[in-house]
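*Asks:* take this sequence and fold it.
(chains A and B)
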There are 2 protein chains.
Amino acid sequence: MQSKKVVLLNRPVGALKETDMGVFDETLAPLEPGEVLLEIEHLSVDAFIRTTFDEGAFHGTAGLGQAVMALGTARVVDSRFDGLNQGDAIFGPVGAQTHAKLPGAMLQKLDESALPARCSLGVLGLATGMTAYAGMAKVAQIKQGDTVVVSAAAGAVGSCACQVAKNLGARVIGIAGGSAKADYLLNEIGCDAAVDYKADDLAGQLSAAAPDGIDVFFDNVGGEILDIVLLQINERARVVICGAVSQYERTGDVRGPSNYLKIPEKNASMLGFTVMRFAEDYAEIQAAITEWVLAGKLNLPEQIEEGIEQFPKALTMLFSGGHMGKLMVAP
Amino acid sequence: MQSKKVVLLNRPVGALKETDMGVFDETLAPLEPGEVLLEIEHLSVDAFIRTTFDEGAFHGTAGLGQAVMALGTARVVDSRFDGLNQGDAIFGPVGAQTHAKLPGAMLQKLDESALPARCSLGVLGLATGMTAYAGMAKVAQIKQGDTVVVSAAAGAVGSCACQVAKNLGARVIGIAGGSAKADYLLNEIGCDAAVDYKADDLAGQLSAAAPDGIDVFFDNVGGEILDIVLLQINERARVVICGAVSQYERTGDVRGPSNYLKIPEKNASMLGFTVMRFAEDYAEIQAAITEWVLAGKLNLPEQIEEGIEQFPKALTMLFSGGHMGKLMVAP
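*Replies:* Just a heads-up that it's a prediction; the model follows:
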């Protein structure tokens, strides 16, 4: 079986470039016992992939010459693993490639009866909808009437996080770059206000949108935006650190939040989490999300790039802010 | 009545100097109804006083020419306030001076039966023992067996915080500068280990003292020490931000913790607090501290400088690390 895979050519220094990756043909060896052959249908384009390109990375370090780490959904083409049969849909760490030969034990069989398989990468994705739900419901513990600000709000996690907070009774302000994203937040995501960080006076825009201060900040960005928001938090605010996309490319030179002393001044908390902490709650969270999706209360727009050759460009787009909603590649 | 007061001469830029303050004579006007005349017995030398020297300060901004803000204990010399009589001991914001004429309603009458009045500035002080207790017991929620690290551990808050954590069942590592302070932490405060930040390899000393990682960091310092500790926190660690003495002199140029992304990686929390958040619990906290002091389980060594002229030097000493335990001035 022939496959095409995306490979890291060299460890990026500073901003990730498409040319840091290349796409190569590969001939897959025959299946061993316990393995399955997969045709990959959708690949999730996630910011954490960038972190695997550095030495000593939290999510494991990408080997040069191996397929870049990526989560995806796939169809089983052939199986030597009990419990997976030809035609089954699976979710797993399939890698950025068109086909894969993997141990069946690494894969999760998907139920496609309620929502399509690719929702496992988006609204039901561990790193997307599940993270947004856990961060808002479990970590921030959103209450009716909270004023909630979300950064990178037009991204996949942010788009879900805004809607989760709305569904839990909050007033939600999304921060994103440019007027197209502001329109998206107001019209497609249902934010109460949108703030354009590329326009002037982010602090002034924020205080106009949240005149009574900020109870919860769900931060995907870090850097200057985090510092500006910290100056406007309320007493007992919860600052949830979900990610820091502005800092992932600053190897060894991360900008810490200079205004972190607002945390003690305001009796506030900066709460970090990874969705894995809530493993015991996955079934409950998936059920809650599915119910909202079916009821039309949670909608994650998808942007799907066709062809494995688009993967390097799609990944760099995450950091340049060129997409909205859930970005996927259909190889 | 003649008084001597410490006055801010100019807003300090960078490191506080003794010469930023001066001591002046003042003639106090006669008492108005509702006022009391006080002879000040002990003044608390606290880091927050430095913050009042900046414009727009959290604790209020010191006026040039007025007595520098300071908490203290005093004896009532004359009273035109119902409820305070000559000879009573009081606690309050008396200012850095030898005598004061203040509204009685601002002052708290002290019970001297269990502990001496000056304990209101130290082991029972809001900004000292009460802060240490609230931070460890209420914010960090120390559990039996936690590994706890305290910075500025030889200072007043730190000395108490180490002992509170020990009394709650933790293993406690104090960070302070120099071998004299290390000896003090081990022999007078009862720390399990002491780490000297002025010696080489703070990270290595810490990992030797806490080979299984750090569950709680009680930080009074900020800056480089916070960054180093963040790299060694355990899953679900609680990083309690009590203060940031290293940063109070960096007006407009605070160094944020570059390693704050360890907070989400470790499912950890950075928890800020001011003791005022626990106003409802003050009586309970005071009772708990008093019981420990009387049982010999909490001992805050005192360093008392004699004469109001020593106040400017004592205040600068807080930032240069030249004291141990609770620093007071007896005017």
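
*Asks:* neighbours around A:Ile228, how many?
*Replies:* 18 (other C-beta atoms under 10 Å in any protein chain shown). Quick note: C-beta positions are derived from backbone N, CA and C, even for glycine.

*Asks:* apologies, that question was intended for A:Gly92.
*Replies:* So A:Gly92, with other C-beta under 10 Å, has 22 neighbours.

*Asks:* what of A:Leu102?
*Replies:* Using other C-beta under 10 Å, A:Leu102 has 20 other residues around it.

*Asks:* hang on, isn't it packed against A:Leu84?
*Replies:* No: using C-beta atoms under 8 Å, A:Leu102 is not in contact with A:Leu84, being 10.2 Å away.

*Asks:* quick check: neighbours shared by the two?
*Replies:* A:Val36 (C-beta atoms under 8 Å, 6 or more residues apart in numbering or on different chains).

*Asks:* who's in contact with A:Leu230?
*Replies:* Counting by C-beta under 8 Å, 6+ apart, A:Leu230 makes contact with A:Phe217, A:Val239, A:Pro257, A:Asn259, A:Tyr260, A:Lys262, A:Ile263.

*Asks:* tell me the one of those nearest chain B?
*Replies:* A:Ile263 (3.3 Å; C-beta to the nearest C-beta).

*Asks:* for that closest one, what is the enclosing helix or strand?
*Replies:* Using DSSP states H and E, A:Ile263 falls within helix A:262-265.

*Asks:* just the mean pLDDT for that helix, thanks.
*Replies:* Averaging pLDDT along helix A:262-265 gives 92.

*Asks:* which positions within that helix qualify as buried?
*Replies:* For helix A:262-265, burial by neighbour count (16 or more other C-beta atoms under 10 Å in any protein chain shown) applies to A:Lys262, A:Ile263, A:Pro264, A:Glu265.

*Asks:* any idea how many residues pack against the closest residue to chain B within the stretch 101-250 of chain A?
*Replies:* Using C-beta to the nearest C-beta, the closest approach of the stretch 101-250 of chain A to chain B is made by A:Ile241 at 4.6 Å. A total of 27 residues lie near A:Ile241 under the criterion other C-beta under 10 Å.

*Asks:* need the pLDDT of A:Gly14.
*Replies:* pLDDT, A:Gly14: 79.

*Asks:* same question, the one 3 residues further on
*Replies:* Taken from the predicted model, the pLDDT recorded for A:Lys17 is 92.

*Asks:* cool, the one 10 residues further on as well?
*Replies:* The predicted local confidence for A:Thr27 comes out at a pLDDT of 94.

*Asks:* re earlier: which of the buried residues of helix A:262-265 are close to chain B?
*Replies:* For chain B, the contacts drawn from the buried residues of helix A:262-265 by C-beta under 8 Å from any C-beta of the partner chain are A:Lys262, A:Ile263, A:Pro264, A:Glu265.

*Asks:* look up the closest residue to the first one, ignoring the ones flanking it.
*Replies:* Translated: A:Lys262. Nearest residue to A:Lys262 in three dimensions, chain neighbours excluded: A:Leu230, at 4.5 Å (C-beta to C-beta, 6 or more residues apart in numbering or on different chains).

*Asks:* next: the second one.
*Replies:* For A:Ile263, the nearest residue in space outside its immediate sequence neighbours is B:Gly272; the separation is 3.3 Å by C-beta to C-beta, 6+ apart.

*Asks:* hang on, the earlier thing: widest-spaced pair of the contacts of A:Leu230?
*Replies:* Farthest-apart pair in those is A:Phe217 and A:Tyr260; separation 12.5 Å (C-beta to C-beta).

*Asks:* from the middle of its chain, how far away would stretch A:144-158 be?
*Replies:* Between the centre of stretch A:144-158 and the centre of its host chain there is 13 Å, according to C-alpha atoms, centre = their mean, to the nearest Å.

*Asks:* now look at that stretch and say if it contacts chain B.
*Replies:* No: shown here: stretch A:144-158 not in contact with chain B (C-beta under 8 Å from any C-beta), separated by at least 12.4 Å.

*Asks:* again with stretch A:126-136
*Replies:* No: using C-beta under 8 Å from any C-beta, we find that stretch A:126-136 stays clear of chain B, coming within 9.6 Å at best.

*Asks:* neighbouring contacts of that stretch?
*Replies:* The contact list for stretch A:126-136 (C-beta under 8 Å, 6+ apart) reads A:44, A:46, A:48, A:71, A:121-125, A:142, A:148, A:156-158, A:160-161, A:164-165, A:168, A:216, A:218, A:240, A:242, A:273, A:275, A:277-278, A:281-282, A:285-286, A:288-289, A:298, A:300, A:326.

*Asks:* and that stretch, end to end?
*Replies:* The separation between the terminal residues of stretch A:126-136, taken as C-alpha to C-alpha, to the nearest Å, is 14 Å.

*Asks:* in that stretch, what counts as buried?
*Replies:* Applying 16+ other C-beta under 10 Å to stretch A:126-136 flags A:Leu126, A:Ala127, A:Thr128, A:Gly129, A:Met130, A:Thr131, A:Ala132, A:Tyr133, A:Ala134, A:Gly135, A:Met136 as buried.

*Asks:* how about these in a markdown table, adding secondary structure?
*Replies:* What follows is the buried residues of stretch A:126-136, written out as a markdown table (DSSP: H, G, I helix; E, B strand; the rest coil):
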| residue | secondary structure |
| --- | --- |
| A:Leu126 | coil |
| A:Ala127 | coil |
| A:Thr128 | coil |
| A:Gly129 | helix |
| A:Met130 | helix |
| A:Thr131 | helix |
| A:Ala132 | helix |
| A:Tyr133 | helix |
| A:Ala134 | helix |
| A:Gly135 | helix |
| A:Met136 | helix |
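
*Asks:* please name the nearest non-neighbouring residue to A:Tyr37.
*Replies:* Not Tyr; residue A:37 is Leu. Residue nearest to A:Leu37 in three dimensions, not counting chain neighbours: A:Asp78, with 4.2 Å by C-beta to C-beta, 6+ apart.

*Asks:* is it true that the one you found touches A:Pro30?
*Replies:* No: between A:Asp78 and A:Pro30 there is no contact under C-beta under 8 Å: 9.4 Å.

*Asks:* more crowded one of these two?
*Replies:* A:Asp78 (17 against 10).

*Asks:* if I look at the more buried one, what pLDDT would I see?
*Replies:* pLDDT, read off for A:Asp78, is 97.

*Asks:* Three-state assignment for it, please.
*Replies:* Taking three-state DSSP, the label given to A:Asp78 is strand.

*Asks:* what do you get for A:Cys119?
*Replies:* Here A:Cys119 is recorded as helix under three-state DSSP.

*Asks:* pretty sure A:Val76 contacts A:Leu37?
*Replies:* Yes: contact status for A:Val76 versus A:Leu37: in contact at 7.3 Å, counting by C-beta under 8 Å.

*Asks:* and the gap between A:Asp88 and A:Asp111?
*Replies:* According to C-beta to C-beta, to the nearest Å, A:Asp88 stands 10 Å off from A:Asp111.

*Asks:* looking at these two, which is more packed in?
*Replies:* The neighbour comparison of A:Asp88 against A:Asp111 (other C-beta under 10 Å) goes to A:Asp88, with 19 against 12.
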